[in-house]
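A.B. asks: Next one to model:
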Amino acid sequence: MQLDIIGDVHGCFDELLELLETLEYRQMNSLYSHPEGNKLVFVGDLTDRGPNSIAVIQLVYQLVIEQEIAYYVPGNHCNKLYRYFLGNRVQEKHGLETTIAEWKRLKEDQKKNIQEKFMTLYENAPLYLYFENLQLVVAHAGIKENLIGQMNSNTKTFVLYGDITGKTDHRGRPIRRDWAKHYKGNPWIVYGHTPVLEPRQINRTINIDTGCVFGNKLTAFQFPKQRIVSVSSKQAFQPDRFTDFTAD
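C.D. replies: Take a look at the predicted model:
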């Protein structure tokens with residue numbers, strides 16, 4: 001099985017369509033297919049910050065739920081939007097406000113439709129994907145070797161937020177440990193969450209969140225051929241949003 005694993009989309013619908021075309025997915029009668037039967041995997045954070053989160057939800061729902069040619073694992077932004085749709089009190093910031101504003105502009109029946117689609121997508125998603133036959137794990141913020149196979153609260157926190165320390169930097173952003181640098185496991189770990197200018201491959205891990213919403217690019221990692229495919233972002237470039245691991 002050939003998988004095309006796509007990094008954090010964050011509402012960048014046009015770039016997602018361009019990446020699908022570059023990966024040779026074709027649309028006929030509104031349905032997508034790949035000539036070699038490839039399947040897509042989304043690493044989470046479909047929405048927030050970008051210009052068209054609603055269209056991304058609709059497309060990923062179609063690919064995952066209706067056509068069953070894609071897999072999806074949730075990210076921390078997905079988790080927050082889900083809690084908002086449940087009626088929980090969540091802070092409308094860090095990008096969620098853009099998705100909510102877009103959703104509120106819809107007609108009532110459209111709002112209900114999008115809410116139901118996203119909640120179905122989220123409720124049917126595993127915390128992370130473990131393709132044991134391929135020796136591959138896809139998790140939004142990564143996963144430690146000793147957590148593979150577990151589905152507890154500690155695992156949920158890690159795969160959604162990374163190896164957090166509980167502290168923040170001078171910009172108020174969470175400080176995370178560089179877990180990938182110490183990973184010694186055999187399965188490949190493909191993840192996103194932390195924007196990097198270039199896909200960061202270390203040990204048997206690769207971060208493919210190349211910050212499309214921050215003006216860099218949207219990236220896919222083809223597995224098991226281990227080929228990187230990217231398209232340029234149409235958003236304004238924000239260099240201060242990227243993490244440089246070289247100093248670690």
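A.B. asks: Spell out the residue ranges of the helices in this protein.
C.D. replies: Listed in chain order, the helices of the chain (DSSP state H) span 13-22, 53-61, 76-86, 96-104, 108-123, 153-161.
A.B. asks: which residues are contacting the second one?
C.D. replies: Helix 53-61 has contacts (Cβ atoms under 8 Å, 6 or more residues apart in numbering) with 9-13, 16, 42, 46-47, 50, 70, 72, 98-99, 102-103, 106, 114, 117-118, 120-121. Backbone N, C-alpha and C define where each C-beta goes, glycine included.
A.B. asks: thinking again about what came up before, deepest in the core, which of the helices of the chain is it.
C.D. replies: Ranked by average neighbour count under the criterion mean count of other Cβ atoms under 10 Å, the helices of the chain are headed by helix 53-61 at a mean of 21.
A.B. asks: chain center to that one, what's the gap?
C.D. replies: 13 Å (Cα atoms, centre = their mean, to the nearest Å).
A.B. asks: orientation of that helix relative to helix 108-123 in degrees?
C.D. replies: 50 degrees (axes from the mean of the first three to the mean of the last three Cα atoms, to 10 degrees).
A.B. asks: Dump helix 53-61 to CSV, restricted to CA.
C.D. replies: What follows is helix 53-61, C-alpha atoms only, in CSV (Å, rounded to 0.1, in the frame of the first residue of the first chain):
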residue,chain,number,x,y,z
SER,A,53,-11.3,25.9,6.6
ILE,A,54,-14.9,25.0,5.7
ALA,A,55,-14.0,23.7,2.2
VAL,A,56,-11.2,21.7,3.8
ILE,A,57,-13.6,20.0,6.2
GLN,A,58,-16.0,19.2,3.3
LEU,A,59,-13.2,17.7,1.2
VAL,A,60,-11.6,15.7,3.9
TYR,A,61,-15.0,14.4,5.0
